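In: make a model of this:
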Amino acid sequence: MQFVEKMQIHIAWFHNIFGPYGTWVGGHEKVPAAAAAQLRKALAAYMDPTTQHEIEFWGDAKQQRSFLYINNCVEVILLLLESDCSAPINIGSDCSVTIDDENCRAICRDVGDVHFRYMDDIRPVGIHSCNSNNEFIMKTLCWTPKITLEASMMKTVNWIRGEMEKMLHSTGKTA
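Out: Okay, here's the model as predicted:
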């Protein structure tokens with residue numbers, strides 16, 4: 001903020017941005033990428049219904065988070081860059097969901113034999129609730145996310161499905 005009088009500056013605080021081309025495999029998934037890892041596991045069960053699959057949650061999966069689709073994020077970044085706003089601004093969704101609800105709503109309801117295991121031990125689960133307060137961004141940039149969480153999760157699911165099919169195809173396996 002000390003440079004705001006010397007140059008144009010924009011400060012954004014991003015809240016759980018996700019979408020296609022994000023980390024979805026490899027064990028380095030964190031929220032929101034952990035949602036992608038859980039979607040990958042659910043899709044694996046869907047693609048191979050003869051096996052039993054388990055989705056592991058650290059804690060009770062009742063931690064609340066807000067997720068923002070990358071297309072919504074790019075849209076608001078462009079608005080911010082065209083504005084004269086130099087105050088810090090939240091870029092996120094003000095719609096908070098629990099970790100397991102968000103995944104169940106997106107794909108797990110139609111998957112079949114998926115079991116949930118809750119690791120309610122000493123593993124870190126993070127803060128219980130984290131949500132974007134969008135009052136300032138609505139007032140300053142007249143912006144709210146256009147693509148809903150459910151629609152954006154389905155777009156991400158379809159992309160992950162395509163990536164999984166490419167992986168299977170390259171190994172000669174079929175789903």
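
In: low-confidence stretches in this structure?
Out: Low-confidence segments of the chain (pLDDT under 70): 1, 27-39, 49, 51-53, 99-114, 123-126, 128, 172-175.

In: if you set the cut-off to 80 instead, what comes out?
Out: For the chain, applying pLDDT under 80 flags the ranges 1-5, 22-63, 98-131, 171-175.

In: can you pull out the helices in it?
Out: Per DSSP state H, the chain carries helices over the ranges 33-47, 70-82, 99-106, 135-141, 149-171.

In: including distance to K62 and mean neighbour count, could these go into TSV?
Out: Every residue, glycine included, has its C-beta placed from N, CA and C. Shown next, in TSV, are these (distance: least, C-beta to C-beta, whole Å; neighbours: other C-beta atoms under 10 Å):
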stretch	distance to K62	mean neighbour count
helix 33-47	15	21
helix 70-82	25	16
helix 99-106	7	20
helix 135-141	25	14
helix 149-171	17	15
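
In: how about the ones you listed in JSON lines, adding distance to G19?
Out: Converted to JSON lines, those look like this (distance: least, C-beta to C-beta, whole Å):
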{"stretch": "helix 33-47", "distance to G19": "9"}
{"stretch": "helix 70-82", "distance to G19": "3"}
{"stretch": "helix 99-106", "distance to G19": "13"}
{"stretch": "helix 135-141", "distance to G19": "19"}
{"stretch": "helix 149-171", "distance to G19": "6"}
